[in-house]
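Engineer: what's the 3D shape of this:
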Amino acid sequence: MKRAPIFLPLLATAVLVTACGSSENPADPSTTPTTTLAAPAVVEAPGPTGIPDGMGSPGVDDGVFPRTVVHFGGSTEIPAEPTRIVVIATGQLDAVLTLGVVPTGVAYGDGAALVPDYVGREFPQFSAEMAEFVDVGNRQAPNLEAIAALEPDLVLANKAASEDIYATLSAIAPTVLTEGTGVNWKQDFLLLADALGRTEQAQSFVDDFVSRAQDLGDEVGDDTVSFVRFTADRARVFGVPSFAGYIAWDAGLARPESQQFDKTSQDFSEEEIQSADADWVFVGSQDNGPGSRQQTYTTNPLWTGMSASTEGHIVTVDDDPWYLNAGPTAATIVLDGLTETLTR
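Structural biologist: Numbers count the residues shown, from 1 in each chain. Presented below is the predicted three-dimensional model:
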């Protein structure tokens, strides 16, 4: 079946103004949720599909070193194939392991383990090496002394979290910054692979991924999908330009009008629970214990009364790959989850 299109509000403003309002204003909880899509408009990808022009090391073959990589922090010469790598940004551990490269030092995300459970499950062949990872601190404030002590020959971080310490990191070892944020996962994976001299491998992965996503879209109907995440202090729905949102876009999956806004996510209160509704709702949570925000929201009558709830279409997903780690293997897990749910 033909895949249902997705329409970004920036490209169809006139259509969406009355349908969902400003991206800063949650959906009106008093209205009945609708899965009706906006009128057709010119569609562009919500995020980059490749390395930006002028970045990477164009003209340099894979496996060739030294190589000079232009990235989001500047230009960095990598004199030899890296063997002692430190990864700081969320998703970069996933990315290097996907390419078969095992780092030495690893940072962790807020509320996350040094090695997320899904990484351990997906890469059992590296279990011994992962047990020896050196903890270099929280990705938002990495331990620079611990990084320097490792004498790395490459540091990987992203601009979103590490721009302020880029000069310090560069003084320790050649450092490459990706852009960061989930919607940039393809671009960041390809740029990271360039620094490792493995661009063809990464491009092949991305191409295969997009092909699989399109196959899913060709197979399913027009059901809408919603992405929801609970943390200790927030409840959010995720828009089209988000990690899961971009994956759904690749598959041509329809989104509820309440989630066709032009930013990563949008908080919603208990009174605004209807903005989370769709034909299928995929829910991740960092904490689902007694008294947690997740428990409070999901026991609210507005939640239990959503169409997805009454039809048994609330799907609990692994928070790490779906909402925290924007890496290529995480993307595969999301796509597999969508495929399993929507084609059963």
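
Engineer: just the helices in the stretch 51-200 of the chain please.
Structural biologist: Ranges of helices in the stretch 51-200 of the chain, per DSSP state H, counting those that start in this stretch, are 92-98, 117-122, 127-131, 144-149, 159-162, 166-172, 185-196, 199-219.

Engineer: Switch those helices over to JSON lines; also include mean pLDDT.
Structural biologist: Listed next are those as JSON lines, based on pLDDT from 0 to 100:
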{"stretch": "helix 92-98", "mean pLDDT": "98"}
{"stretch": "helix 117-122", "mean pLDDT": "96"}
{"stretch": "helix 127-131", "mean pLDDT": "97"}
{"stretch": "helix 144-149", "mean pLDDT": "98"}
{"stretch": "helix 159-162", "mean pLDDT": "94"}
{"stretch": "helix 166-172", "mean pLDDT": "98"}
{"stretch": "helix 185-196", "mean pLDDT": "98"}
{"stretch": "helix 199-219", "mean pLDDT": "97"}
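
Engineer: which residue ranges form the strands in this structure?
Structural biologist: 67-71, 74-78, 85-87, 105-108, 134-138, 141-142, 154-158, 175-178, 225-230, 235-238, 265-267, 280-285, 314-316 (DSSP state E).

Engineer: list the contacts for residue 115?
Structural biologist: Listed by CB atoms under 8 Å, 6 or more residues apart in numbering, the contact partners of residue 115 are 93, 106, 130, 133. Heads up, the C-betas are built off the backbone N, CA and C, glycines and all.

Engineer: Skipping adjacent residues, who's closest to the second one in space?
Structural biologist: Here the nearest residue to residue 106 in space, its sequence neighbours aside, is residue 133; by CB to CB, 6 or more residues apart in numbering that works out to 4.7 Å.

Engineer: Neighbours of the one you found, how many?
Structural biologist: Counted with other CB atoms under 10 Å, the neighbours of residue 133 add up to 18.

Engineer: List the contacts of it.
Structural biologist: By CB under 8 Å, 6+ apart, the contact set of residue 133 is 103, 104, 105, 106, 114, 115.

Engineer: One more: residue 138?
Structural biologist: 107, 108, 109, 110.

Engineer: What's the local residue count around the third one?
Structural biologist: Spelled out, that is residue 109. Neighbourhood size, residue 109 [other CB under 10 Å]: 19.

Engineer: Over to the last one?
Structural biologist: Neighbouring residues of residue 110 were enumerated by other CB under 10 Å; the total is 12.
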